[in-house]
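Trainee: the following block contains a protein sequence and its predicted model.
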Amino acid sequence: MKTRITELLGIEHPIIQGGMHYVGYAELAAAVSNAGGLGIITGLTQGTPEKLASEIARCKDMTDKPFGVNLTFLPILNQPDYPGLVRVIIEGGVKVVETAGNNPSEYLPALKDAGVKVIHKCTAVRHALKAQSIGCDAASVDGFECGGHPGEDDIPNMILLPRAADELEIPFVASGGMADARSLVASLAMGAEGMNMGTRFLATKEAPVHENVKQAILQATELDTRLVMRPLRNTERVLTNPAVERLLQKERDLGADIGFEDVAAEVAGVYPKIMQQGDVDAGAWSCGMVAGLIYDIPTCQELIDRIMNEADQLIAQRLEGMRAGTATAA
Ligand SMILES: Cc1cc2nc3c(=O)[nH]c(=O)nc-3n(C[C@H](O)[C@H](O)[C@H](O)COP(=O)(O)O)c2cc1C
């Protein structure tokens, strides 16, 4: 399958693995890239330029295919060393950066001069238009369903994707709620040039996280995510657990008076305990509604091959059959 995204990124299949804190290590990024998609290392999990440089080098040892680095621009006072992280991305010869969070414009000239393609992840059409206007090469349009930060507009992908298609000139991928060939074909029909997946890639053999995390996703249904930190305008979709329900009770009790310090126990610094030690109830961790569509833990190669084979069948048999009046059941 050839789309504007496969052409732009130099990849075989229009499938991207979104940056994921304490998940997007070289092992996962390389596995996705080796399977023909675009794997992405999560820059802030490494934290320092030196550590990110060695993670990039490790990934290069594991794949000779293109891979990317996620840079999440956080709205906090003590900023990570973003200039240093950008420098090692360029020096490491990385060809794709997925930006997310705040406006990445400060770093675009350096990235573009180095020939790095920039995909900005956005939860609103107006943000995607802004990304286009500042020179981003593509957008990743993240609907309300998504694991992680869906923004504050609450527009699901059934509306957001065609709206993005109506407004954008740069290519975009569909993100949020994507799991399988049906997601891919539907996204392409709505104007996207591929799809980005987070939660689905977390439940793969190569995701370097504790088995408990993968089992929690397998067991979860589409009813099991919650939105936390909405009163702080930092909404995050997470898998429910006792810590999340405690956090939501605090939000109800404290109302408009709530501050970050009130929820810090449930959200700050919990990822290593969850992802590495497997204490899945240690706090709030991002997970999409798509958990309800995840029934197995395949390798990245198996997952991507299955998606591409089934997408082919969906298009050539189900859709073409309907057009020709010879359709069979899905
Ligand atoms: C555990 C987890 C951690 C994530 N961490 C980040 C992150 O650090 N930066 C970021 O831009 N997106 C992050 N995301 C969002 C994903 O990159 C992706 O946009 C999202 O998962 C797509 O929705 P889906 O989970 O329905 O596929 C995270 C998602 C998950 C599930």
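Mentor: Received it, and whenever you're ready, just let me know what you need. Numbering: from 1, shown residues only.
Trainee: contacting residues around the residue lying closest to A284 once chain neighbours are set aside?
Mentor: Closest residue to A284 apart from its sequence neighbours, by C-beta to C-beta, 6 or more residues apart in numbering: V238 at 4.3 Å. From N, CA and C alone the C-beta is placed, and that goes for glycine too. Going by C-beta atoms under 8 Å, 6 or more residues apart in numbering, V238 touches 147, 225-228, 244, 284-287.
Trainee: restricted to strands, list these.
Mentor: 225-228 (DSSP state E).
Trainee: for the ligand, state which of the residues you listed is nearest.
Mentor: T225 (9.2 Å; C-beta to the nearest ligand atom).
Trainee: so V209 is in which element?
Mentor: Per DSSP states H and E: V209 is located in neither a helix nor a strand.
Trainee: near the ligand, which residues of the stretch 1-150 of the chain?
Mentor: 18-21, 23, 42, 70, 72, 100, 121, 142, 145-148 (C-beta under 6 Å from any ligand atom).
Trainee: do that again at 5 Å, thanks
Mentor: 18-21, 72, 100, 146-148 (C-beta under 5 Å from any ligand atom).
Trainee: on contacts alone, who are the packing partners of the helix or strand where V69 lies?
Mentor: For V69, the host element (DSSP H and E) is strand 67-73. Judged by 3 or more C-beta pairs under 8 Å, 6 or more residues apart in numbering; DSSP states H and E, strand 67-73 is in contact with helix 26-34, strand 39-42, helix 43-46, helix 49-62, helix 82-91, strand 96-101.
Trainee: who touches it?
Mentor: With C-beta under 8 Å, 6+ apart, strand 67-73 has contacts from 9, 16, 18-21, 24, 29-30, 32-33, 38-44, 52, 56, 59, 82, 85-86, 89, 94-104, 107, 119.
Trainee: okay, now the closest residue to the ligand within the stretch 1-150 of the chain: neighbour count?
Mentor: Here the stretch 1-150 of the chain gets closest to the ligand at one residue, G18, 2.4 Å apart by C-beta to the nearest ligand atom. Look at G18: counted by other C-beta atoms under 10 Å, it has 32 neighbours.
Trainee: which residues touch it?
Mentor: Contacts of G18 (C-beta under 8 Å, 6+ apart): 24, 40, 70, 98, 121, 140, 148, 175, 196-198, 201.
Trainee: could you find the closest non-adjacent residue to the closest residue to the ligand within the stretch 201-330 of the chain?
Mentor: Of all residues in the stretch 201-330 of the chain, the one sitting closest to the ligand is G288 (2.6 Å; C-beta to the nearest ligand atom). Nearest residue to G288 in three dimensions, chain neighbours excluded: G147, at 3.3 Å (C-beta to C-beta, 6+ apart).
Trainee: OK, contacts around the closest residue to the ligand within the chain?
Mentor: Here the residue of the chain nearest the ligand is G198; by C-beta to the nearest ligand atom that distance is 1.9 Å. Applying C-beta under 8 Å, 6+ apart, one finds that G198 lies in contact with 17-18, 20, 146-148, 175, 286, 288.
Trainee: can you tell me how far it is from G47?
Mentor: 20 Å (C-beta to C-beta, to the nearest Å).
Trainee: just A207 next, same as before
Mentor: In terms of C-beta to C-beta, A207 sits 20 Å off from G47.
Trainee: please identify which of the two sits among more neighbours.
Mentor: Shown here are A207 and G47; by other C-beta under 10 Å, A207 has more neighbours (25 against 12).
Trainee: quick revisit: wait, which of the ones in strands among the contacts of V238 is closest to M308?
Mentor: Of all those, T225 has the smallest distance to M308: 27.3 Å, by C-beta to C-beta.
Trainee: quick one, phi psi at the spatially closest residue to P14 that is not a sequence neighbour?
Mentor: In space, and not counting its chain neighbours, P14 is closest to G194: 2.8 Å by C-beta to C-beta, 6+ apart. Dihedral pair for G194: phi 160, psi -170, per degrees, to the nearest 10.
Trainee: can you get me a residue count around G194?
Mentor: 29.
Trainee: from start to finish, how long is stretch 230-238 in a straight line?
Mentor: 12 Å (C-alpha to C-alpha, to the nearest Å).
Trainee: for that stretch, buried residues please.
Mentor: By 16 or more other C-beta atoms under 10 Å, the buried positions in stretch 230-238 come out as 231, 234-238.
Trainee: how about stretch 150-163?
Mentor: 150-151, 155, 157, 160-161, 163.
Trainee: of all the residues you listed, which comes closest to V125?
Mentor: Distances from V125 to the buried residues of stretch 150-163, taken by C-beta to C-beta, are shortest for R163, at 5.0 Å.
Trainee: tell me if I'm right that that closest one and A124 touch.
Mentor: No. Using C-beta atoms under 8 Å, R163 is not in contact with A124, being 9.3 Å away.
Trainee: which residues touch the residue nearest to P298 when sequence neighbours are not counted?
Mentor: Spatial nearest neighbour of P298, excluding adjacent residues (C-beta to C-beta, 6+ apart): T204 at 6.1 Å. Neighbour list for T204: 28, 31, 297-300, 303 [criterion: C-beta under 8 Å, 6+ apart].
Trainee: with secondary structure added, can I get those in TSV?
Mentor: Formatted as TSV, those follow (DSSP: H, G, I helix; E, B strand; the rest coil):
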residue	secondary structure
L28	helix
A31	helix
I297	coil
P298	coil
T299	coil
C300	helix
L303	helix
